[in-house]
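Trainee: All I have is the shape, not the residue letters:
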């Protein structure tokens, strides 16, 4: 199993589902970037499962599939700037999280899990609930009481139990740990590394769509999206399919921008204030994968940007006027576009992470 503790190096056990290392409390991660072999792409398989050989799943693990993957890449010309929109908002539950959830639930089923808990500001919880329903896993989701109503209703519609926790996003994360510490499997999209290989399939799809070089711009909360895509391109580079890695841009809301703060100060610990923002998907004060991004982003080929709160909803409206209805978290990448004009390699791909149908403004 290609997962190990970042701190002590202990391999992830072949049985059970610890969310952090029992020996030292460290975070589990992939030992190396996914391995991509063009000859192992199963073109007859649906969605991201065409890349099953690169998903780090054990032999015989079941496939949990709801139609995720193979999302469109739509190109626009914005005042002479070639911009591609990767429409991850068109995944089954309306967000890119479905790529990770499909692989995560396949892993959990293969390990005999039939009940699990998760915490989320909305998208990860809805995705987990949907894939748990598909897999026959009893799901319980801890959410901040302030989370958007449509996301809460979506989680409940899939049959998951919702536990709304008063206070900031971090309060829900603290509450779920009580169950996790008591032994209930914690299907955390932040702690567990299983879903990263699923997210890496975005890179493979971009390559298949003809993207070879340029820039990738993505919103960052816990960092799994950007890290997964980065590692997917590393796998493509190691396979000899791209000559160099794209330029990566991490975008956060100024109200909660720990990765931007760390990049500016050189701090090894990524943490910040948890201010109010309409971009609730990135309201994460201590990103689980933030340190890995800071370590692994290619030298001279990455930027970290904070978007002012007053620029987020206008960016949502600008995308909607072009026919793309996304939630505020997704719009961060559009709001960042003007800051990036003339400063990063072209073409530019913006990852639109979640549907506007999830947002109650």
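Mentor: Noted; the coordinates are in hand. The structure presented is a predicted model; accordingly, all values stated were derived computationally and were not measured.

Trainee: Helices along the chain, start to end?
Mentor: With DSSP state H as the criterion, the chain has helices at 97-110, 123-135, 149-157, 169-181, 196-199, 201-208, 224-238, 258-265, 290-296, 312-321, 328-335, 337-340.

Trainee: Quick one: those helices as a markdown table, columns for distance to residue 29 too.
Mentor: Glycine gets a C-beta too; all of them are placed from N, C-alpha and C. Converted to a markdown table, those look like this (distance: least, CB to CB, whole Å):
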| stretch | distance to residue 29 |
| --- | --- |
| helix 97-110 | 14 |
| helix 123-135 | 18 |
| helix 149-157 | 27 |
| helix 169-181 | 18 |
| helix 196-199 | 8 |
| helix 201-208 | 18 |
| helix 224-238 | 9 |
| helix 258-265 | 17 |
| helix 290-296 | 6 |
| helix 312-321 | 30 |
| helix 328-335 | 24 |
| helix 337-340 | 29 |
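
Trainee: Among the ones you listed, single out whichever gets nearest to residue 357.
Mentor: Taking CB to CB, helix 149-157 is the member of the helices of the chain nearest to residue 357, at 6.4 Å.

Trainee: Touching that closest one from outside, list them.
Mentor: Residues outside helix 149-157 that contact it (CB atoms under 8 Å, 6 or more residues apart in numbering): 93-94, 121-123, 125-126, 129, 141, 143, 162, 164, 357-360.

Trainee: Of these, just say which sits nearest to residue 307.
Mentor: residue 359 (16.2 Å).

Trainee: Does that closest one touch residue 331 like I think?
Mentor: No: using CB atoms under 8 Å, residue 359 is not in contact with residue 331, being 9.8 Å away.

Trainee: Just want to know which of these two has more residues nearby.
Mentor: Neighbours were counted for residue 359 and for residue 331 using other CB atoms under 10 Å; residue 331 has more, 32 against 25.

Trainee: separation between that one and residue 153?
Mentor: According to CB to CB, to the nearest Å, residue 331 and residue 153 sit 22 Å apart.

Trainee: Could you do residue 44 as well?
Mentor: Distance of residue 44 to residue 153, computed by CB to CB: 36 Å.

Trainee: cool, and residue 251?
Mentor: For residue 251 relative to residue 153 (CB to CB), the value is 28 Å.

Trainee: So the two - more neighbours on which side?
Mentor: More crowded of residue 251 and residue 153, by other CB under 10 Å: residue 251, with 31 against 13.

Trainee: That one touches residue 334, doesn't it?
Mentor: No: using CB under 8 Å, residue 251 is not in contact with residue 334; the gap is 9.5 Å.

Trainee: Find the residues that touch each one of these two.
Mentor: With CB under 8 Å, 6+ apart, residue 251 and residue 334 have no common neighbours.

Trainee: Dig out what residue 28 forms beta bridges with.
Mentor: Beta-bridge partners recorded for residue 28 (DSSP bridges): residue 5.

Trainee: and it, what does it touch?
Mentor: 3-6, 12, 18-21, 191-193.

Trainee: Below-threshold pLDDT in the stretch 1-150 of the chain: ranges please.
Mentor: 1, 121, 148 (pLDDT under 70).

Trainee: How about the stretch 251-361 of the chain?
Mentor: 361.

Trainee: One more pass at 90, please.
Mentor: For the stretch 251-361 of the chain, the stretches flagged by pLDDT under 90 are 264-275, 280-281, 283-286, 298-300, 338, 358-361.

Trainee: Residue ranges of each domain in this structure, please.
Mentor: 73-95+194-358, 97-181 (automatic domain parsing).

Trainee: wait, what's in contact with the most centrally placed residue in the chain?
Mentor: Geometric centre of the chain, nearest residue: residue 225, 3.2 Å, by CA atoms, centre = their mean. By CB under 8 Å, 6+ apart, the contact set of residue 225 is 96, 199, 218-219, 351, 353.

Trainee: Any figure for the gap between it and residue 180?
Mentor: For residue 225, the distance to residue 180 - CB to CB - is 23 Å.

Trainee: can you pull out the strands in the stretch 1-150 of the chain?
Mentor: Using DSSP state E, counting those that start in this stretch, the strands of the stretch 1-150 of the chain run over residues 3-5, 28-30, 73-78, 81-87, 115-119, 138-144.

Trainee: Comparing those strands, which comes out most buried?
Mentor: Ranked by mean neighbour count, the strands of the stretch 1-150 of the chain are led by strand 115-119 with a mean of 25 (mean count of other CB atoms under 10 Å).

Trainee: what does that strand rub up against?
Mentor: By CB under 8 Å, 6+ apart, the residues outside strand 115-119 that reach it are 17, 108, 124-125, 128, 132, 137-143, 172-173, 175-176, 179-180, 184-189.
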